[in-house]
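>>> I'd like to go over a predicted model; first the sequence, then the structure.
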Amino acid sequence: MSDPFLNVARERLDSSEPIPAHLVCARSRAEWHRAVESHPDTASRRADWRRGLMAVVWQLATRTGRNMVTAPKKGATWAVMAAEAGVSRSTLADRLAWLLERGLLVRVTPGTTPRFRPGTLRGALDDGRGNEAATYVLTVPADLAQALDEDDQGDGEEFRARASAPTVDDWRDAPWPAETLPVELTRTPKPHVVDVGEETFPDVRARETPAPAAPVAAWPAAATPGTKAEMLAACERLRAEDPILRKMSARHLRSLLRRLFQLGATVDDVRHVLHHQPGGGAWPLAAAPRFVPGWVRWRVHAWLTPDSSPDGEGIRLSSPLPSQVREAYRRRIRCEQTARTTALAEARTCRGDAAAGAALARQHLMAALSRAPQRAA
């Protein structure tokens, strides 16, 4: 059974004027990807806007056939592409409109639904076609394609070869480490050095935490960090185990959790604070927070209260942390065990002495009566 989308796209491409004269069909997905990246209008855009654009471009490029036409059967629908690219529907529409205006995309068939399709009485009649996704053809302006051909001095073929799917027996599929790889093909990045004259300085970012060369031991979940380095290690573990906190840097997270750590919180306590109220109940379920630092600050602030005592430091916990509750329980159990051991030792000492045994029994009875609640008169 033939695909109606592909038939319409083939009719458009096989017609006398499939695309405007100043545009050419992209020869490959890699060439189209390079054309979008090198377009002059992308240089003046913000970095987050470019990231959204390239995410949409990747979805379009990976959902096309050999004729450079998007295929709905491969998931080239707005809902699928927006979800896979991690952008909203309005952002996807904006990036598609930008590509259409710059000649980097040509709409072959528009998307339609039964409600707005002619002859269905606004969806009252079912024509059996269902929702039809729009199809696009990947195009490049002729002048930009010529500029890319002139700049392509050999590395373009390598780029296209690496962008295409590797063969089954490709040596790049071997798991790392592959000791048989030549040194020049290991793709090990070299440190970028900026030449400023007599001295050269490495191009590094001081605010970013460098990635360790070897795995480091994670901070224990039941230990309270004391120093700044220990707090940073605890925040690294929280980021590694929580995808929401992973959107923040470890240093920023440490600044928000510093007061909680100073009051004796552990990694497990922080998890409990972020997902439970001080009374013990869980926070109401909701979508992922839009602004993670504000979400963390609000959840932590709910567990803190001003301290009005003379020797207080100005703030204290409104409710004990789970680790403090467990520690108080273990301390009470140890005191009870110590008291029972002492009473058993005293009873063994007074064994055989009726007077001493009676005095000891009287002493324990009076202690029990003093702990019992007073009866109402």
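Received it, and whenever you're ready, just let me know what you need. Numbering: from 1, shown residues only.

>>> from here on, contacts and neighbour counts on C-alpha atoms
Fine.

>>> what is the mean pLDDT for stretch 319-328?
Across stretch 319-328, pLDDT averages out at 89.

>>> tell me the buried residues in that stretch?
Buried positions in stretch 319-328, judged by neighbour count with 16 or more other CA atoms under 10 Å: Ser319, Pro320, Leu321, Pro322, Ser323.

>>> please apply the same query to stretch 97-107.
Judged by neighbour count (16+ other CA under 10 Å), stretch 97-107 contains these buried residues: Leu99, Leu100, Gly103, Leu104, Leu105, Val106, Arg107.

>>> quick one: which of those sit in strands?
Using DSSP state E, the subset of these located in strands is Leu105, Val106, Arg107.

>>> wait, doesn't the last one sit right on Thr139?
The reference is to Arg107. No. Counting by CA atoms under 8 Å, no contact exists between Arg107 and Thr139, whose distance comes to 10.2 Å.

>>> who's in contact with stretch 262-274?
220-226, 234, 238, 260, 296, 299-300, 303, 316-317, 321-323 (CA atoms under 8 Å, 6 or more residues apart in numbering).

>>> likewise for stretch 220-234?
Residues from elsewhere that reach stretch 220-234 (CA under 8 Å, 6+ apart): 218-219, 250-251, 254, 258, 261-262, 264-268, 323.

>>> for stretch 69-76, same thing?
Stretch 69-76 is contacted by residues 5-6, 9, 59-61, 63-65, 81, 133-138 when judged by CA under 8 Å, 6+ apart.

>>> what ranges do the helices span in the stretch 151-300 of the chain?
With DSSP state H, counting those that start in this stretch applied, the stretch 151-300 of the chain shows helices at 155-163, 228-241, 250-262, 267-275, 292-301, listed in chain order.

>>> can you tell me which of the ones you listed the model trusts least?
When mean pLDDT is averaged over each of those, helix 155-163 scores lowest at a mean of 45.

>>> break this protein into its domains for me.
The chain resolves into domains spanning 4-163, 228-319, 323-371 when parsed by automatic domain parsing.

>>> picking up where we left off before, buried subset of the contacts of stretch 262-274 as a PyMOL selection?
When burial is assessed using 16+ other CA under 10 Å, the buried subset of these is captured in PyMOL by this command:
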select buried, resi 221+223+224+225+234+238+260+296+299+300+303+316+317+321+322+323
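
>>> hmm, back to that, export the buried residues of stretch 97-107 as a markdown table, with columns for distance to Gly281.
Converted to a markdown table, these look like this (distance: CA to CA, whole Å):
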| residue | distance to Gly281 |
| --- | --- |
| Leu99 | 49 |
| Leu100 | 51 |
| Gly103 | 56 |
| Leu104 | 53 |
| Leu105 | 52 |
| Val106 | 54 |
| Arg107 | 53 |
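
>>> with those in mind, which one is nearest to Glu31?
Checking those against Glu31 by CA to CA gives Leu104 as the nearest, at 11.3 Å.

>>> that closest one against Thr139, yeah?
Yes. At 4.9 Å, Leu104 and Thr139 qualify as touching, with contact defined as CA under 8 Å.

>>> so what sits against both of the two?
Listed as contacting both Leu104 and Thr139 by CA under 8 Å, 6+ apart are Trp32.

>>> follow-up on the earlier one: adding secondary structure and distance to Leu53, write the buried residues of stretch 319-328 out as TSV.
What follows is the buried residues of stretch 319-328, written out as TSV (DSSP: H, G, I helix; E, B strand; the rest coil; distance: CA to CA, whole Å):
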residue	secondary structure	distance to Leu53
Ser319	coil	47
Pro320	coil	48
Leu321	coil	45
Pro322	helix	45
Ser323	helix	47
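
>>> is it possible to get a markdown table of those that adds distance to Asp143?
Rendered in a markdown table, the data for the buried residues of stretch 319-328 read as follows (distance: CA to CA, whole Å):
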| residue | distance to Asp143 |
| --- | --- |
| Ser319 | 68 |
| Pro320 | 69 |
| Leu321 | 66 |
| Pro322 | 66 |
| Ser323 | 67 |
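
>>> sorry, back to before: just the buried ones among the contacts of stretch 220-234, please.
Neighbour-count burial (16+ other CA under 10 Å) applied to those gives Trp219, Ala250, Arg251, Arg254, Arg258, Phe261, Gly264, Ala265, Thr266, Val267, Asp268, Ser323.

>>> widest-spaced pair of those residues?
Greatest spacing in these, by CA to CA: Arg251 and Ser323 (24.1 Å).
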